[in-house]
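> Structure for this input, please:
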Amino acid sequence: MIFEAYGIAPLRGLRFRFYEPEGKILHEIDSAKGSVLEDNLFSRNRKLPLMLQVEYMIRILLRRNIFFVIELPLSCLQYSQLAVNVENIGDVPIATGNFRLSTSTLAPDRPEQNLHPIEGYADRISVFPGERLQLFVHAPRLHFALTVLRHGAHEQPVLHIGAIAGKPQHYAANAYEEGANWEPTWTLQVGPDWRSGMYTARIADDSGATFDITFIVKAPGTGTRAGVAVLASTNTWLAYNPWGGASLYRYDVDDGLARQSAFRVHMHRPNPAASMDGDDRHLANAEKHILRWLEQNGIDYDLYADLDLHDTPDLLRQYSTLLISTHSEYWTEAMYGGLERFLAAGGNLVYLSGNGLYWKTEIRGHQLEVKYDGSRHTFSGEAGGRWRDCGRPETQTLGIRFTKAGYKSTAPYKVLAPDHWIFDGTGVEKGTLIGRSGLNMGGASGWEMDKIDARSRPAGLVHLAKGTNRWRTGADMTYFTHPGGGGVFSVGSITFGGSLAIDPVLSRMLRNVFARFARPR
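Residues are numbered from 1 along each chain as shown. Reported below is the predicted structural model:
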């Protein structure tokens, strides 16, 4: 069912009851009540009925109506007529209208012929050294070559195998949600001596077509650990993966349901969004700049996927410092809890990301689910939406938080606190511009950016630098000492890593941070 709704997080206040023609309740969808919504001028204005009317008229004129979609069970379609009662059981006004049912006679799992060139996926996003990684390949030209590359200080080949037999592999129309379900093609034996890091299994056929299957080799299960753990933003790679017709940002399946995006996606499908080609944007290929910098500066690290932290939330206890990379947007309860316990125990955090700790995420099996509209998760029944609206503002962990202001712009930072130890040896003064350029679209403050929230500012927060993006929308670079005793350094920008790779001042600053965090306390 599709409908328009205006107000503060409408699905947190609305209850839907669907009735048979005789008046018996057929189905009920309760509100996701109990969530904590942020309080600001915009949200306070939306509590006024007159403001909802004004918003509605403006959106009609601009053709920017807000539509919501809720899924109904097949039992609701057994009658020629269906009555629905919509009740606001929240404490703020909500305007609704333009209800309509959108149905499809097409089977969700109808077969689709795969006309793509060579592509593939692995059975896991991360492996231990010495483990086997199962590869699933669609090879329309029947043979392909495999080259495994490690992306560190340099792009380094570690394995090459030629002339592997393959075959075309097709999929169902709902593969974006249920997985490709291909037959296994090749088993990759990961070397026991392969160093932790980012790897690509690059497959290529005789037409010249290639495809990257990106995976992570994590630290061995036992033995010595590096001082730094790095968290790759693999949930974000998955969220942006459009393969099979849908992602959390688009819906191109031709089924007549008029959806704007999926809310549940599957890990077992090819992921072009995780390609390591190029230097710019915000996914896997942007993270390699930070990994390259770490290795070129002699900082040992162990790399992990988001799923590793979800499955083993206390793995961070083995490290003194955690680095969160580039675009760490999607966090599960288990991940968030693991990070909070790590910081409470004295761990240090280097946040080289923007838009982090933002969406509440649930994982079940190989599926990831996000409810942007704040409705209840189908996996747990808990309210979804932004973590800050669920009572856990990211500012208390990171010192800053994402806002949409300045989206996709890039600019340098302006130094505000040159006497702070982070700037030791850089020679900067107040007002000096740093991070003027970079390998990722431009200046160090850019794409999506986090800022200080004066209403939720951690004690002792130092405002180190401010992005000079137009209209004061740039990222805030900050530092504070967490109540647990560790330090938290945050840059609040997706493009920071691309500038770190070439900017000597940013490089010296990060060396200062890691040197301070490596000291025994």
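> Longest strand in the chain, by number of residues?
For the chain, the strand with the greatest residue count under DSSP state E is strand 155-165.
> which parts of that one are buried?
By 16 or more other CB atoms under 10 Å, the buried positions in strand 155-165 come out as 159, 164. Where C-beta positions appear, they are placed from N, C-alpha and C, glycine not excepted.
> next structured bit after that strand?
strand 171-172 (DSSP states H and E).
> Please, where are all the strands along the stretch 201-350 of the chain?
In the stretch 201-350 of the chain, the strands defined using DSSP state E, counting those that start in this stretch lie at 210-217, 228-231, 264-266, 301-304, 321-326, 330-332, 348-353.
> Put together JSON lines for those, with mean neighbour count and distance to G130 on each row.
Converted to JSON lines, the strands of the stretch 201-350 of the chain look like this (neighbours: other CB atoms under 10 Å; distance: least, CB to CB, whole Å):
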{"stretch": "strand 210-217", "mean neighbour count": "23", "distance to G130": "10"}
{"stretch": "strand 228-231", "mean neighbour count": "24", "distance to G130": "20"}
{"stretch": "strand 264-266", "mean neighbour count": "23", "distance to G130": "27"}
{"stretch": "strand 301-304", "mean neighbour count": "24", "distance to G130": "15"}
{"stretch": "strand 321-326", "mean neighbour count": "26", "distance to G130": "25"}
{"stretch": "strand 330-332", "mean neighbour count": "25", "distance to G130": "28"}
{"stretch": "strand 348-353", "mean neighbour count": "26", "distance to G130": "29"}
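> circling back to that earlier point, which residues touch the longest strand of the chain?
The contact list for strand 155-165, computed with CB atoms under 8 Å, 6 or more residues apart in numbering, reads 137, 142-150, 185-186, 188, 191, 194, 199.
> Run the chain-centre distance for it.
Computed by CA atoms, centre = their mean, to the nearest Å, the chain-centroid distance of strand 155-165 equals 30 Å.
> orientation of it relative to strand 210-217 in degrees?
120 degrees (axes from the mean of the first three to the mean of the last three CA atoms, to 10 degrees).
> hang on, the earlier thing: between the contacts of strand 155-165, which is nearest P220?
Nearest to P220 among the contacts of strand 155-165: W194, at 10.0 Å, using CB to CB.
> these two touch, right, the closest one and L133?
No. W194 is not in contact with L133 according to CB atoms under 8 Å; the separation is 10.8 Å.
> mind listing what the nearest residue in space to R472 that is not next to it in sequence touches?
In space, and not counting its chain neighbours, R472 is closest to K466: 7.6 Å by CB to CB, 6 or more residues apart in numbering. K466 is in contact with 413-414, 416, 472, 474-477, counting by CB under 8 Å, 6+ apart.
> how about the CA coordinates for the host helix or strand of K466, as PDB?
Secondary structure assignment for K466, by DSSP H and E: strand 462-467. Below are the C-alpha coordinates for strand 462-467, written out as PDB (Å, rounded to 0.1, in the frame of the first residue of the first chain):
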ATOM      1  CA  VAL A 462      38.200  20.700  20.900                       C
ATOM      2  CA  HIS A 463      37.200  22.200  17.600                       C
ATOM      3  CA  LEU A 464      40.400  21.800  15.600                       C
ATOM      4  CA  ALA A 465      39.400  22.900  12.100                       C
ATOM      5  CA  LYS A 466      36.400  23.700  10.000                       C
ATOM      6  CA  GLY A 467      35.700  22.800   6.400                       C
END
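> which parts of the helix or strand following that strand are buried?
Counting by DSSP H and E, the element after strand 462-467 in chain order, helix or strand, is strand 476-481. Within strand 476-481, the residues scored as buried using 16+ other CB under 10 Å are 476-480.
> Check which helices and strands strand 476-481 sits against.
strand 462-467, strand 487-490 (3 or more CB pairs under 8 Å, 6 or more residues apart in numbering; DSSP states H and E).
> Out of those, the one nearest N235 is which?
Closest approach to N235 among the helices and strands packed on strand 476-481 is made by strand 487-490 (19.3 Å; CB to CB).
> which residues touch that closest one?
Contacts for strand 487-490 (CB under 8 Å, 6+ apart): 343, 348-351, 397-400, 422, 450, 458, 476-482, 513, 516-517.
> Note down every partner strand of it and its orientation.
Next to strand 487-490 in the sheet, as set by DSSP bridges, lie strand 348-353 (parallel), strand 476-481 (antiparallel).
> And for this protein, the residue most distant from the center?
E22 (45.9 Å; CA atoms, centre = their mean).
> What mean pLDDT does stretch 499-508 get?
For stretch 499-508, mean pLDDT rounds to 97.
> Just the terminal-to-terminal distance for it.
Taking CA to CA, to the nearest Å, stretch 499-508 runs 12 Å from one end to the other.
> Can you list the buried residues in that stretch?
For stretch 499-508, the neighbour count (16+ other CB under 10 Å) marks 499-501, 503, 505-508 as buried.
> all strands for the stretch 1-150 of the chain, in order.
2-7, 14-19, 25-29, 67-69, 83-88, 94-100, 111-112, 119-122, 126-127, 132-138, 143-151.
> From K371, how far out is V69?
Per CB to CB, to the nearest Å, V69 is found 11 Å from K371.
> Neighbour count: the two, which is higher?
K371 (21 against 17; other CB atoms under 10 Å).
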